[in-house]
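K.L.:
here is the input, now give the coordinates:
(chains A and B)
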Amino acid sequence: MSERALRDSCRTSELEALDVLCARPDRPAGMRAFDDFHRSGVRADELIALQRGGRKLVGQICHFVPEELVIAAGAEPLRLDQGFAEAVDAASGRLPMDVCCAVRALAGARRAGCSPEVDLLVLPGTCDGKRKLASQLRARGEQVFSLELPPSKRGEMSAAFWHAQVRALICRLEALTGKRISRRPLRAAVELVNRRAAAARALDELRKRDPPPLSGLDALLVVQTSFVADLRWWCERCESLVEECAERTVATGPKARILLTGAPVLWPDFGLLHLLAEAGADVVADEICSGSAHLVQPVVVDEDTRAGLVQAAAERVFLPCNCPCFAESEDRLDRLLHLAEAWRVDGVVHHTLRLCAGYDMDAPALAEAFRERGIPWLSVYTEFGQHAGLRSRVEAFVEMIGSSARRSDRGQE
Amino acid sequence: MRLLVQAACFFLLLYGGFAVEALAGVQSGDKPPPGRVELVERAPTSTPLYLPVTTCIYQKKGLCRGCSLYYLTEALVWRHPVERWLPYGLVLIFLMLLLGRLWCGWVCPLGFLSDLLTRARLALHLPQLRLSPAVRDGLVWTKYILLALVLGLAALAGWPGMEGVRNDLMDPFCQICPTRVFAPLFTFDTVCWTNFASPAGVVFTLLGLLAFGLFFGGLAVRRFWCRLCPIGGLSALFNRSGLVSLVKDARRCTRCGACARSCPLDVRRVFEGRGRKAVTAFECHLCLRCVEACPEPGCLQFQWLGKRVSGK
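P.N.:
Numbers count the residues shown, from 1 in each chain, chains lettered A, B, ... in the order given. Just a heads-up that it's a prediction; the model follows:
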């Protein structure tokens, strides 16, 4: 497929995904803004205009770049994770077949230009796939910064390693924009990021209600819009959506309240959530890196000094992250148990992108812990755009929950 | 709020003695020890109290007679009989059990001054110096080593036949404690800064100067002196009694590190505790900054006598 054709086909599949989403009944009116954002594609033009105006665009994969630093340096942060099935194929021949679809999609999208042109791309070393991809992209002439992660989050040696990485990133950002990341702009950027965290958290809190005032699909779209949107615009839209949802009552709830965890589900590939929705279940809480988990983390500033702000920002993205690329899995279990309890979920769906060893290795122990507590657990494996085969398993899972005593107990509360 | 409490305690402990005297008309605090004193037991102050904070025997008209460490020193040097030292000893243990190191975090005048140093640094937006883990963890033992040394020297000075050195060794920690400089200074008295009367006096004066300098390490390292202070070391022994307790619901914890970052003493126990309920550390001053910083509702709380006092 030519690059042009690939771009067109990605755009078509995005619009199709949007149509499916918009066709869902009983959505809050505030979702309109987010639908339009994706439908119009206005952001792409905006970014080009920004770039012409001299503003640098800094893209990142995953969420290990503290956006505070990018903003304080006077650049525009963008998170470029996407789930285009079309882009996966575009990487064929360049990457071995047993590399996961997220890395392949990334390589394909960068090659075909269906992900925005940025002045600097920050690739975290979460796995060998991304780590090695950095040099491939560099060879193509892209500016890539490899942000390395320690293999564990525990211990002060890991923290020291991470802080050294962030210092190197700061130097790179400052060199890119020619502007020093000093205390005052950093302070302002921290406040903006905290505004985002507060809005995302408020939206998450509303989903504790039964029935939730907005669907898991909508919530995920809102969250992932923040990856590429102008932060202030996003905060305003999300805040008014929160206001609307706080007032909103939904007549009938889902048959089952689901906690989604595991590998990222990425726009426009929301197939797994659609399957759940069609079976009558809804995702009310998530612990996926493309969900609200990291978005709700505020920057807790202890000392209003440059060093203090940088440290708080660096630790915000690193310490609470439950990516399986880190050695310890216990934190994720604790988090999941808390989410399951506080969001009163009926079942857990664990999602693994095929070939991601980390999530795959975590799953059995987590499943065991949930089974011990009598909470149903479903492990599914997907690749971008390939969910059809899961339909019957998902339906059976939701049916099982729907008929179980657990659900009816909750209904009587 | 803590700063207000600290300031109130500071003024109460430093100037309270003047007030008590004025109100009660007692003329008890008239004869404070003027520097190196002759070999006598020191004159009484306004109240015969000792607290587990830096209340100084060298201060004119102090509200309290001295600190918990001085209480022990006194009993050892003067070989007080059991019936004399035991009752107040029990009172001190009770006080330390009841409040743990809240004394350090909320009451201690020297702790208050340390926090003012931090405020001064922050007013200039200067970064703090974080000690490396090895140095930080090593310093923890300083206070216990000092404690053992001080009590050992005091016991030595009180030994029959040691009258010759008693004058030099009767309050070894006081000789280097920064409070001995500050407390009189804040009550308009500058005696007893130096003592070159004997070789031991010279040594202690020099050590005292060093300690006084170290106190200003607080400009770079938060609560630097507190990491060395044997009075805090005494209270620390009672910090994990369970009557004062930081309690963590590990399940709500996202490991975001806000607690570890905000801790003036770089305590890691609150952050690292997983599946643990009580996370109070010996080093913890219970200043409750971590409770304030924690972004997760219901995750961290401070309990006193088993009741929640603070925490979302």
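
K.L.:
which element, helix or strand, includes A:R104?
P.N.:
helix A:101-112 (DSSP states H and E).

K.L.:
then A:A285?
P.N.:
strand A:281-288.

K.L.:
let's see stretch A:37-55 as CSV, backbone CA atoms only.
P.N.:
Output in CSV follows, covering the C-alpha atoms of stretch A:37-55 (Å, rounded to 0.1, in the frame of the first residue of the first chain):
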residue,chain,number,x,y,z
PHE,A,37,-12.4,17.0,17.6
HIS,A,38,-11.7,13.6,16.0
ARG,A,39,-14.1,14.0,13.1
SER,A,40,-12.9,17.3,11.9
GLY,A,41,-9.2,16.5,12.1
VAL,A,42,-8.7,20.2,12.9
ARG,A,43,-5.9,19.4,15.3
ALA,A,44,-3.6,18.3,12.5
ASP,A,45,-3.9,21.7,10.8
GLU,A,46,-3.5,23.4,14.2
LEU,A,47,-0.3,21.5,14.8
ILE,A,48,1.1,22.5,11.4
ALA,A,49,0.2,26.1,12.1
LEU,A,50,1.9,25.9,15.5
GLN,A,51,5.0,24.5,14.0
ARG,A,52,5.1,27.2,11.3
GLY,A,53,4.8,29.7,14.1
GLY,A,54,8.0,28.3,15.5
ARG,A,55,6.6,26.2,18.2
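
K.L.:
what about B:W141, neighbour count?
P.N.:
A count of nearby residues for B:W141, using other CB atoms under 10 Å in any protein chain shown, gives 10. C-beta coordinates here come from the backbone N, C-alpha and C atoms, glycine included.

K.L.:
for the helix or strand hosting B:V270, list every residue counted as buried.
P.N.:
According to DSSP H and E, B:V270 maps onto helix B:269-272. Across helix B:269-272, burial judged by 16 or more other CB atoms under 10 Å in any protein chain shown covers B:269-271.

K.L.:
tell me the helix or strand right after the strand holding A:A285.
P.N.:
Defined by DSSP H and E, the subsequent element after strand A:281-288 is helix A:306-318.

K.L.:
name the helices or strands packed onto the helix or strand just after that following helix?
P.N.:
The helix or strand immediately downstream of helix A:306-318 is helix A:330-342, counting by DSSP H and E. Using 3 or more CB pairs under 8 Å, 6 or more residues apart in numbering or on different chains; DSSP states H and E, the elements in contact with helix A:330-342 are strand A:256-262, strand A:281-288, helix A:357-372.

K.L.:
what parts of the stretch 301-413 of chain A come near chain B?
P.N.:
By CB under 8 Å from any CB of the partner chain, the part of the stretch 301-413 of chain A that sits against chain B consists of A:302-308, A:311-312, A:315-316, A:319-320, A:330-331, A:334-335, A:337-338, A:341.

K.L.:
circling back to that earlier point, is the strand holding A:A285 anywhere near chain B?
P.N.:
No: on the criterion CB under 8 Å from any CB, strand A:281-288 is out of touch with chain B, staying 10.5 Å away.

K.L.:
strand A:256-262 and that strand, what's the angle between them?
P.N.:
30 degrees (axes from the mean of the first three to the mean of the last three CA atoms, to 10 degrees).

K.L.:
mind listing what's buried in strand A:281-288?
P.N.:
Within strand A:281-288, the residues scored as buried using 16+ other CB under 10 Å are A:281-288.

K.L.:
contact partners for B:D266?
P.N.:
B:130-131, B:136, B:260 (CB atoms under 8 Å, 6 or more residues apart in numbering or on different chains).

K.L.:
out of the residues you listed, which sit inside strands?
P.N.:
With strands defined by DSSP state E, no entry of the contacts of B:D266 lies inside them.

K.L.:
of the buried residues of helix B:269-272, which is the nearest to B:R255?
P.N.:
Closest approach between those and B:R255, by CB to CB: B:F271, at 7.4 Å.

K.L.:
wait, isn't the closest one in contact with B:C256?
P.N.:
No: if you go by CB atoms under 8 Å, B:F271 and B:C256 don't touch, sitting 9.0 Å apart.

K.L.:
coming back round to it: format the helices and strands packed on helix A:330-342 as TSV; extra columns: mean pLDDT.
P.N.:
Below are the helices and strands packed on helix A:330-342 laid out as TSV (pLDDT from 0 to 100):
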stretch	mean pLDDT
strand A:256-262	96
strand A:281-288	96
helix A:357-372	94
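
K.L.:
I'd say A:L147 and A:L121 touch.
P.N.:
No: using CB under 8 Å, A:L147 is not in contact with A:L121; the gap is 10.4 Å.

K.L.:
contact residues of chain A facing chain B?
P.N.:
So chain A meets chain B at A:153-154, A:156, A:183, A:297-298, A:300, A:302-308, A:311-312, A:315-316, A:319-320, A:330-331, A:334-335, A:337-338, A:341 (CB under 8 Å from any CB).

K.L.:
now a ChimeraX select for only the buried ones of the residues of the stretch 301-413 of chain A next to chain B.
P.N.:
Filtering these down to the buried ones (16+ other CB under 10 Å) takes a single ChimeraX command:
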select /A:302,303,305,306,307,308,311,312,315,316,319,320,331,334,335,337,338
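
K.L.:
got the contact list for the residue nearest to A:A73 when sequence neighbours are not counted?
P.N.:
In space, and not counting its chain neighbours, A:A73 is closest to A:L173: 4.3 Å by CB to CB, 6 or more residues apart in numbering or on different chains. Contacts for A:L173 (CB under 8 Å, 6+ apart) come out as A:58, A:69-70, A:73, A:75, A:120, A:181.

K.L.:
nearest to chain B, of those?
P.N.:
Using CB to the nearest CB, A:I181 is the member of the contacts of A:L173 that lies nearest chain B, at 14.0 Å.

K.L.:
can I assume that closest one sits in a strand?
P.N.:
No: the assignment for A:I181, made by DSSP: H, G, I helix; E, B strand; the rest coil, is coil rather than a strand.

K.L.:
can you check the pLDDT for it?
P.N.:
With respect to pLDDT, A:I181 scores 97.

K.L.:
report how many residues lie close to the nearest residue to it once chain neighbours are set aside.
P.N.:
What sits nearest to A:I181 in space, not counting adjacent residues and going by CB to CB, 6+ apart, is A:A72, at 4.5 Å. Each residue near A:A72 was counted by other CB under 10 Å, and the total is 30.

K.L.:
so A:A72 sits right up against A:L186, yeah?
P.N.:
Yes: counting by CB under 8 Å, A:L186 is a contact partner of A:A72 at 4.1 Å.

K.L.:
which residues does A:T382 bridge with?
P.N.:
A:L353 (DSSP bridges).

K.L.:
ok now the helix or strand harbouring B:S114, how far from the chain's centre?
P.N.:
In this assignment (DSSP H and E), B:S114 forms part of helix B:109-123. In terms of CA atoms, centre = their mean, to the nearest Å, the centre of helix B:109-123 is found 15 Å from the chain centre.

K.L.:
let's see the pLDDT reported for residue 5.
P.N.:
No chain in the question, so chain A it is. Confidence score, pLDDT, at A:A5: 89.

K.L.:
the chain in question should be chain B.
P.N.:
B:V5 is given a pLDDT of 89.

K.L.:
cool, the one 4 residues further on as well?
P.N.:
With respect to pLDDT, B:C9 scores 86.

K.L.:
now do B:E38
P.N.:
So B:E38 comes in at 41 (pLDDT).

K.L.:
please apply the same query to B:T45.
P.N.:
At B:T45, pLDDT is 52.

K.L.:
excluding chain neighbours, what is closest to the residue nearest the centre of chain A?
P.N.:
The geometric centre of chain A, computed from its C-alpha atoms, lies nearest to A:S290 (CA atoms, centre = their mean), at 1.3 Å. Spatially, and ignoring its direct neighbours in sequence, A:S290 is nearest to A:P264 (3.7 Å; CB to CB, 6+ apart).

K.L.:
what angle separates the helix or strand encompassing A:R393 from strand A:281-288?
P.N.:
Secondary structure from DSSP H and E places A:R393 in helix A:391-403. Inter-element angle recorded for helix A:391-403 and strand A:281-288: 110 degrees (by the same axes, to 10 degrees).

K.L.:
need the strands for chain B, in chain order.
P.N.:
Using DSSP E, strands in chain B cover B:50-51, B:66-67, B:244-248, B:300-304, B:307-310.

K.L.:
I am finished for the moment; much appreciated.
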